[in-house]
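Asker: have a look at this prediction, sequence included:
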Amino acid sequence: MIREFSTRVKATNNNAKITFFILLGVAAALTATYIFIPVYKSIVGVVDMVAIVAAVAIYSKYVSASYFYDITFDYHGEPLFVVRQVTGRRQTTLARVGLREIREIKMETAEERKAHKTPQGFRKYVYTPTLGPTLTCRLTAQSAYESSEVIIECTPEFAEMLSSYVEDAKVNDYSDYAEDEDE
C-alpha cells in the first residue's frame, strides 16, 4: 500500500560550504588585487568575476537550498515521486515522475556514478543536496514524453521503500485516490 510520504534530505558533508567560502575568499583577494595593483587588470577582473559567479552558483544550489523527496498522488490518482527545492520562501518542483514510469532503481557509489554512461536519448537530472556525495540513487524512468535518469541522494532504506512502492504502483490501481473533478 502506497502512503503519502515526504522527507527532507540534508547534505552529508560540508564540501559545498567549504568551496563557497574558498571561492569567496579568492574573489575578495582578486578584488583587492584588481583595485590596488594595476598590472594585468583585465585578466584579474575576469578571474574575479568567474570566482564570484561560481560562489553564487554553489551557494544557490547547495548551501541555501533544501531538497524534499515526496511520494504523493496527482488528481487522477496516479502515484508520483516528486523532488522539491526550497530556497528561502520560494518552493520549486524540480521533478515529477510517475511511480509506474520508473524502470530501475539502483544505488551507486561515486566511482560507479562517474563510470556510468547515460544512454543515448536519455536526459540526466541531478538533485542532490551534497556537493560530491559518496552514495546516490539512480532512478531510470521512461514515459510517453521523455526517457530520463534522475539522480538523488538517499539512504538504502529509502531506495528500498521507493522500490516497493514502484512495484505496488505497477500492480495496483489507485484511481480511488483521485480528487473529485467537480470540486
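Answerer: Received it, and whenever you're ready, just let me know what you need. Numbers count the residues shown, from 1 in each chain.
Asker: for R84, give me phi and psi.
Answerer: Per-residue torsions, R84: phi -120, psi 150 (degrees, to the nearest 10).
Asker: wait, isn't it in contact with L94?
Answerer: Yes: proximity of R84 to L94 meets the contact threshold set by C-beta atoms under 8 Å, at 6.7 Å. Where you see a C-beta, it was placed from the backbone N, CA and C, and this is true even at glycine.
Asker: could I get the full set of strands for the chain?
Answerer: Along the chain, counting by DSSP state E, strands occupy 5-9, 65-73, 79-87, 90-98, 102-109, 123-127, 135-142, 147-152.
Asker: to F21, which of these lies closest?
Answerer: strand 65-73 (16.9 Å; C-beta to C-beta).
Asker: what strands flank the closest one, and is each parallel or antiparallel?
Answerer: strand 5-9 (antiparallel), strand 79-87 (antiparallel) (DSSP bridges).
Asker: the residue most central in space within the chain - nearest residue in space that isn't next to it in sequence?
Answerer: In the chain, the centroid-proximal residue (C-alpha atoms, centre = their mean) is Y127; its distance is 0.8 Å. Sequence neighbours aside, V83 is the residue nearest to Y127 in space, at 4.7 Å (criterion: C-beta to C-beta, 6 or more residues apart in numbering).
Asker: let me see the contact set for that neighbour.
Answerer: 67-70, 93-95, 127, 150, 152 (C-beta atoms under 8 Å, 6 or more residues apart in numbering).
Asker: and the residues you listed, which of them are buried?
Answerer: Among the contacts of V83, those classed as buried by 16 or more other C-beta atoms under 10 Å are 67-69, 95, 127, 150, 152.
Asker: which of those sits closest to Y59?
Answerer: Closest to Y59, out of all of these and judged by C-beta to C-beta, is Y67, at 15.1 Å.
Asker: you'd agree the closest one is up against T7?
Answerer: No: counting by C-beta under 8 Å, Y67 sits too far from T7 to count as a contact (9.4 Å).
Asker: which residues of the protein score low on pLDDT?
Answerer: 1, 174-183 (pLDDT under 70).
Asker: max-length helix in it?
Answerer: When the chain is parsed with DSSP state H, its longest helix is helix 15-36.
Asker: which strands and helices sit next to that one?
Answerer: Counting contacts by 3 or more C-beta pairs under 8 Å, 6 or more residues apart in numbering; DSSP states H and E, helix 15-36 is packed against helix 41-58.
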